[in-house]
Structure formats: C-alpha cells, structure tokens
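Visitor: Have a look; sequence and predicted model below, questions after that.
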Amino acid sequence: MEKYVYIKMSYGCLYIVVCSFLFRQSKGNSIVVTNTSGIITSPNYPSDYNNDLDCEYIIKSPTKQPITLVFEDFDIEDDDDCTKDYVSVKDGTNILLGTFCGDNIPYPLLALSGVIILKFHSNNEDSEKGFRAVFNDSQECVYVTKDSNGTIQSPNYPDNYPKNTICLYYIESRKGVSINMTFTHFALEYTSRRCPDDYVLVRDGLSQSSKQIGKFCGSRIPFIPVLLTGTVFIIFRSNNLISWSGFKAKYEEKPFLECSGFLNVSLGRIQSPKHPEIYDSNTDCVYTLACQFNCLINLTFAFFEMEKADHGNCTYDFVEIYDSNTSIGKFCGFQKPGLTFILSSSVRVLFHSDNSKNYRGFSANFAEIT
C-alpha cells in the first residue's frame, strides 16, 4: 500500500471543460465528464465571467478511483458567506467538500467516491476572472487507507522531495476509534510562519469545514493531538524553489471514551466531554478501564484544566481516580497530575463538573503493562 510516486504540475494536453451560455440556458442539465484527467474553467476565463450563470460539472472517474481537484487560479466575487458568486464542490456521495469565493486559491480536494460535482454560480452584480482547476483520477501520490497503523512520508524520502508536487493522504479508522499520529521527521522549506511555499496541512476530515489541526513548514516537528473524528486528511505541497528531505509520520488507532463506558483493551485514551473544547456544567462521567489478570494499567495525563476550589479540596470540578474500589486521589485546577499511575487491573476515573466555571477538562492515555 505504501507506494509513493508524485504528481508533477505540468498537464500536457488535457480535456478542457467550459460552461457556456447554451448550457446555462438549458435548465436541469449538467456537463458530465468521464475523462481520467482534464481542466475545468469558468466561462470566458481568463476574462471576466458573465452574470447570472449556473453551471454544473459532474466528473466521473472511468476507473472509479478517487479524484483530486487542484485549483490553479481563483478569483470570484467575494462576500462573507459566499452566497453571491461561488464555487461549491461535492463528493459523489453528496458530501460537501467546500464552498469557495474570493481570491484565495482553495486547498486541493479529494473525492473518495470517484465522482466530483462542481457548481459555479454568479449573480447579477460584480464579476471577476473566475477559476481554472485540474482534475485527475491518477493515484500518483494519493494515499487512502483504513489500515489500523502504518507510516506516510513525502515522495523520495529520505532524499529531497521533488519540486512542484502535490500529495494527498487520507486515513480513516474504525468507527468509535481515534487516530494517534506522530511525526518522526520534518524538514520543509521555510519562509514565514504562514507557510506560503512548501507545507504540510493537517485536517480531521476532507471537508473545508473540517477542523484544521495545523499548517506546517520548516524543521520543527509538529505536534498532532489525538484525532477524535477517526479521520485525518493531509496535504503536502511543494513549489518550484527549494526542496528538503520532507517528512515521515506514523499513525495508529486508539480507542477512546468521551464520557462514561468500559474499555478492556491494551491501550487507549480517555477525555472529558467535548475536549479540547470546554466541558458542560453539571456533568458526571465514569470511565472504567480493565485488562486481563496479572497485568497493570499505566495511566498518564496529557492535559489537565479544571476549576480549582478555593481551599484546594477539589469540591467543585474534579477528576477522581480509583484503584479497584480505593480512591487514590482527587484532582482539580490547572496543574496536571504529576504522577504516572501504575495501578491494578481495574481502574475507575470519575469526572465531575458543577454549575459554575467550565474549562477544557482533561485527556489521559492508558496502557496495559504485563
């Protein structure tokens, strides 16, 4: 599965699709494209598009492979909600990948179904240059997997990655299981903190509305929190200037409990409700962790932020840990519990919040020790 080749951004002679006035006047119809690769442009591109347009392009991979869509140029009338002029892109399963306007070029998109539905709309006001986008169903440097663990890396790693390259990586875990990702090497061109040149962008899903974990460049190894959605989408892009040795990352599935439940597994993660967002008031959770006989459980807190009681007795919001039926500590405040608890084969963790101040809660990793 770990086959790495790359997309060079020079497309040669490709199929070009343009929405026309004739198409616009034919309501209910769409331009359907079944080529493996091609170019989509707005009408009149690179001149300004006309007003009152509605175009729909349906791109179907003849091999039913995932399709990449890369915008090379983008200039659409801007407004805060993208309700005037806009480009919307959906996967063939009707998942909205994004709605775009303005002059910021959208990040590359990936449609797993092998079908892209792109709609372009203009109103009766301002018009701009429009857009040009390239689609391709080649699996060159497209990595899609449901494997429970593995590695991803930039093309040619550990040698320098090629210039003018786009790679897309999508990892999906089993339902109810999070993903833990750790970069073991990272070296990309750096020009500013915004990473306008070479970059790695990490999101917890394919959609534009998915949470962006970070956009990274330079040589500092990124920290990626546990991805609770169970999906991760990574975009790697290089320009035509400097190339470095790139990156390598490993990933693995981690079961997790968000509020109450029983886990009998060798490793995983528990956390307060909504973490890393603020937990709700008047909430009680009980997490029970167990392993087989003749083993211990190692519990380590990775994050801790709770309301602190005035006298330090943790009577408001708290986490309390039980070794079997014996309480070994009640914790609150912003000070992460400093101990790594090595406990019996049965552990209960209680989380409680009252009706006043709320914070970001906690996350803790556990592992079986045999």
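Guide: Done, it's in. None of these values were measured; they are calculated from a predicted model. Numbers count the residues shown, from 1 in each chain.
Visitor: C-alpha only now, for contacts and for neighbours.
Guide: Will do.
Visitor: Report the spatially nearest residue to Asn104, omitting neighbours in sequence.
Guide: Phe74 (6.6 Å; CA to CA, 6 or more residues apart in numbering).
Visitor: Could you double-check that the one you found lies in contact with Phe100?
Guide: No - with contacts defined as CA atoms under 8 Å, Phe74 does not count as touching Phe100, sitting 9.2 Å away.
Visitor: Where does Val70 sit, in terms of helix or strand?
Guide: strand 67-75 (DSSP states H and E).
Visitor: Output that strand as CSV, restricted to C-alpha atoms.
Guide: Extracted C-alpha coordinates of strand 67-75, given in CSV (Å, rounded to 0.1, in the frame of the first residue of the first chain):
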residue,chain,number,x,y,z
ILE,A,67,-10.4,12.1,-7.9
THR,A,68,-8.2,15.0,-7.0
LEU,A,69,-9.2,18.6,-7.8
VAL,A,70,-6.5,21.3,-7.8
PHE,A,71,-7.4,24.9,-8.4
GLU,A,72,-4.6,26.7,-10.2
ASP,A,73,-6.3,30.1,-10.3
PHE,A,74,-9.2,31.5,-8.4
ASP,A,75,-10.9,34.9,-8.4
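Visitor: just to revisit the earlier point, what is the burial count for the residue nearest to Asn104?
Guide: A count of nearby residues for Phe74, using other CA atoms under 10 Å, gives 21.
Visitor: ok, it - contacts?
Guide: Residues counted as contacts of Phe74 (CA atoms under 8 Å, 6 or more residues apart in numbering) are Gly102, Asp103, Asn104, Ile105, Pro106, Lys129, Gly130, Phe131, Arg132.
Visitor: State the distance from it to Ser363.
Guide: 41 Å (CA to CA, to the nearest Å).
Visitor: Any regions of this structure where pLDDT drops low?
Guide: 1-29, 176, 226, 228, 256-257, 264-265, 292-294, 339-343 (pLDDT under 70).
Visitor: Now do the helices in it.
Guide: 21-24 (DSSP state H).
Visitor: Show me how the record splits it into domains.
Guide: 7-136, 142-254, 258-369 (automatic domain parsing).
Visitor: what comes up buried for the strand holding Val70?
Guide: Ile67, Thr68, Leu69, Val70, Phe71, Asp73, Phe74, Asp75 (16 or more other CA atoms under 10 Å).
Visitor: just those residues now: which is nearest Lys248?
Guide: The shortest approach to Lys248 among those belongs to Thr68, at 22.1 Å (CA to CA).
Visitor: List the residues that contact the closest residue to the closest one other than its chain neighbours.
Guide: Leaving out its chain neighbours, the residue that sits closest to Thr68 by CA to CA, 6+ apart is Leu110, at 4.7 Å. Leu110 makes contact with Pro66, Ile67, Thr68, Leu69, Leu168, Leu206, according to CA under 8 Å, 6+ apart.
Visitor: Now for Phe183: which residues touch it?
Guide: Here Phe183 is in contact with Ile221, Pro222, Phe223, Phe247, Lys248, Ala249, Lys250 (CA under 8 Å, 6+ apart).
Visitor: do that again at 6 Å, thanks
Guide: Each residue near Phe183 by CA atoms under 6 Å, 6 or more residues apart in numbering is listed here: Lys248, Ala249.
Visitor: Over to the one 10 residues further on?
Guide: Contact analysis of Arg193 by CA under 6 Å, 6+ apart lists nothing.
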